[in-house]
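Q: please work out how this folds:
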Amino acid sequence: MENLFKRQTTTVSISLILSIFTLFAYHYPLFKLVVNNIEGGFNGVIITAGLAVLMLAANFFFYNLMLFLFRSVGKWILSLSFILNAITLYFINTYDVLITDAMMGNVFNTRYSEASGYFSLAAVLYTLLLGIVPCIYLLTRKIDYLTAKRFFKNTGIALAVMAAMVAINIHNFTWIDRNATQLGSLLMPWSYTVNSVRYYNKVQKRNRQEIKLPDATITSQSKDVVVLIIGESARRQNFSLYGYHKQTNPLLENRDVTALLATSAATYTTAGVKAILDHKPTDKLYEILPNYLFRTGVDVIWRTSNWGEPPLHIEKIQKPADLKALYPDAEPKYDGILLAGLKQTIEQSSADKVLIVLHCSTSHGPTYFSKYPSDFERFTPVCTTVEMAKADRAELFNAYDNTILYTDYLIDQTIETVQSITERRSCVIFVSDHGESLGENNLYMHGVPMALAPKEQIEIPFIVWHSDKSMKIKELDEVGQYHIFHTILHFMGIESPIYDEKMNIFE
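A: Sure thing, here's the model as predicted:
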């Protein structure tokens, strides 16, 4: 053991050892994917072996490069990569996630309170055995960095092997291209490195100056309030309003609400919320609904216990800490805080038109059991582990269903509040940013690319209540998140050149 850690080695030897370790320690999910998606026979062997050798050569090239050029700094960079590899592998194995640019966006936008919910003994073991141990090995080794001539020779050999593997598999390009997204999402350390860069490139494009929409005009004289509730990870099939066998919507079932079939535009929060607030499907940063209405003269209030919305250019943004300061008796742990003083806020507004957005986090996993007060733990026993794949399936569903039961209460209380303000026409709309997987096809939570996304992650609830009984909702087979923008414009009597009647749910 002393010789293993303290005997001097060369950059060639240690790069090769680390490359072999990386291949076997972090890539079981990748080769499982390959084996499950190739036909048998010699061609399958060529693909599998070619990928293995290509990965060995690519990582050898990278490790040799880092150690020769950066010496001690290179050691620390590679050590960090091993820790990140271990953490990434934990999430891949535990939650069956794919490490795409969208998933990295979720990582960078996740707050500590959410990230801490993933903590488990398994996460510690992954980090310790597959992260810390190789770091100790690398950092304690004395390395002979060899000459520049040897470095270039070794680099050339690695590149030649990589080129050879590409050439051998050139006839398999169609298969590789078809599975490129999944393969790339499981390669260490490239998956999170490349996709982090891709994510930040998208952020740079998205955060440029927003494109102003054509001016809108308020044409009706009525005093209106619309409350838009944006749900988090609420999947349609667990709402009893849509036929679920458990009574998860006992309050709304006694309300005159309309439950429309809807499909999300994405499987992760940032894209889902953007779609809810956009006037059409686009990657461009157009003026979103709250900003547009605020500029038009509407009193806009954004209350949130969540994150991931596009840039907001309004005056009233309230988070749980802000609401707790205003209403000391309110409980900030749950989304009920977003309803604190809601009636007073509406009644005190001097504007004819009021839009309130409540951005919730009620059904965000994996700690579903912590998202609702104890009074709403109707379905028991509940899952209390963050390792969802190891959870009892019934207990996992019970915990999730309790979050839907709490969501039912939040929507009902919102309706109760606006209904009591008789001097205003009112409308309450609930729509989720995306759905959620609860073990179907061994998938958990959300974030699967849309091309591969199961129905559980894209079929969402779209629930509407309104006080104006002269208004009727169209008979629609299905709606989407982009209907929100035009429906709210119509209800408030706001005319705009970009208004699309086909995207308005009201007759």
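
Q: contacts, neighbours, all on C-alpha from now
A: Will do.

Q: so residue 355, which of the three states?
A: Taking DSSP: H, G, I helix; E, B strand; the rest coil as the rule, one finds residue 355 in the strand state.

Q: partners of it in the sheet?
A: Taking DSSP bridges as the rule, residue 355 bridges to residue 226, residue 300.

Q: okay, it: pLDDT?
A: At residue 355, the model reports a pLDDT of 98.

Q: check whether it really touches residue 289, as I assumed.
A: No. Taking contacts as C-alpha atoms under 8 Å, residue 355 lies outside contact range of residue 289: 9.7 Å.

Q: what about the strands in the chain?
A: Secondary structure of the chain, counting by DSSP state E: strands at 9-10, 143-144, 217-218, 224-231, 258-263, 299-304, 316-318, 353-359, 425-432, 437-438, 444-445, 459-466, 479-480, 494-495.

Q: any chance of JSON lines for those, columns mean neighbour count and distance to residue 452?
A: Below are the strands of the chain laid out as JSON lines (neighbours: other C-alpha atoms under 10 Å; distance: least, C-alpha to C-alpha, whole Å):
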{"stretch": "strand 9-10", "mean neighbour count": "16", "distance to residue 452": "44"}
{"stretch": "strand 143-144", "mean neighbour count": "18", "distance to residue 452": "45"}
{"stretch": "strand 217-218", "mean neighbour count": "16", "distance to residue 452": "41"}
{"stretch": "strand 224-231", "mean neighbour count": "24", "distance to residue 452": "22"}
{"stretch": "strand 258-263", "mean neighbour count": "20", "distance to residue 452": "15"}
{"stretch": "strand 299-304", "mean neighbour count": "22", "distance to residue 452": "30"}
{"stretch": "strand 316-318", "mean neighbour count": "14", "distance to residue 452": "35"}
{"stretch": "strand 353-359", "mean neighbour count": "23", "distance to residue 452": "27"}
{"stretch": "strand 425-432", "mean neighbour count": "24", "distance to residue 452": "19"}
{"stretch": "strand 437-438", "mean neighbour count": "22", "distance to residue 452": "13"}
{"stretch": "strand 444-445", "mean neighbour count": "23", "distance to residue 452": "14"}
{"stretch": "strand 459-466", "mean neighbour count": "24", "distance to residue 452": "14"}
{"stretch": "strand 479-480", "mean neighbour count": "19", "distance to residue 452": "19"}
{"stretch": "strand 494-495", "mean neighbour count": "18", "distance to residue 452": "38"}
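
Q: now the ones you listed in JSON lines, with distance to residue 184?
A: Output for those, formatted as JSON lines (distance: least, C-alpha to C-alpha, whole Å):
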{"stretch": "strand 9-10", "distance to residue 184": "30"}
{"stretch": "strand 143-144", "distance to residue 184": "31"}
{"stretch": "strand 217-218", "distance to residue 184": "48"}
{"stretch": "strand 224-231", "distance to residue 184": "31"}
{"stretch": "strand 258-263", "distance to residue 184": "27"}
{"stretch": "strand 299-304", "distance to residue 184": "34"}
{"stretch": "strand 316-318", "distance to residue 184": "39"}
{"stretch": "strand 353-359", "distance to residue 184": "33"}
{"stretch": "strand 425-432", "distance to residue 184": "29"}
{"stretch": "strand 437-438", "distance to residue 184": "22"}
{"stretch": "strand 444-445", "distance to residue 184": "20"}
{"stretch": "strand 459-466", "distance to residue 184": "27"}
{"stretch": "strand 479-480", "distance to residue 184": "30"}
{"stretch": "strand 494-495", "distance to residue 184": "46"}
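
Q: which one of those strands lies nearest to residue 381?
A: strand 437-438 (16.1 Å; C-alpha to C-alpha).

Q: tell me the strands beside the closest one, with direction?
A: Counting by DSSP bridges, strand 437-438 is paired with strand 444-445 (antiparallel).

Q: any idea of the mean pLDDT for the partner strand?
A: Averaging pLDDT along strand 444-445 yields 87.

Q: centre of the chain versus it, how much separation?
A: 10 Å (C-alpha atoms, centre = their mean, to the nearest Å).

Q: which one, of the strands of the chain, ends up nearest to residue 283?
A: When the strands of the chain are compared by C-alpha to C-alpha, strand 479-480 sits nearest residue 283, at 16.7 Å.

Q: give me the contacts around that closest one.
A: Outside strand 479-480, the residues within contact range by C-alpha atoms under 8 Å, 6 or more residues apart in numbering are 260, 261, 262, 263, 264, 265.

Q: please repeat the previous calculation with a cut-off of 10 Å.
A: Strand 479-480 is contacted by residues 260-265, 275-276, 431, 459-462, 503-505 when judged by C-alpha atoms under 10 Å, 6 or more residues apart in numbering.

Q: which one of the residues you listed is nearest residue 481?
A: residue 276 (4.7 Å).

Q: that closest one contacts residue 483, doesn't it?
A: Yes. Using C-alpha atoms under 10 Å, residue 276 makes contact with residue 483 at a distance of 7.8 Å.

Q: neighbour-wise, which of these two wins?
A: Higher neighbour count among residue 276 and residue 483: residue 276, with 26 against 22, using other C-alpha atoms under 10 Å.

Q: show me the contacts for the residue nearest to that one when sequence neighbours are not counted.
A: Nearest residue to residue 276, sequence neighbours excluded (C-alpha to C-alpha, 6 or more residues apart in numbering): residue 481, at 4.7 Å. Taking C-alpha under 10 Å, 6+ apart as the criterion, residue 481 is in contact with 262-266, 272-281, 431-434, 460, 462, 503.
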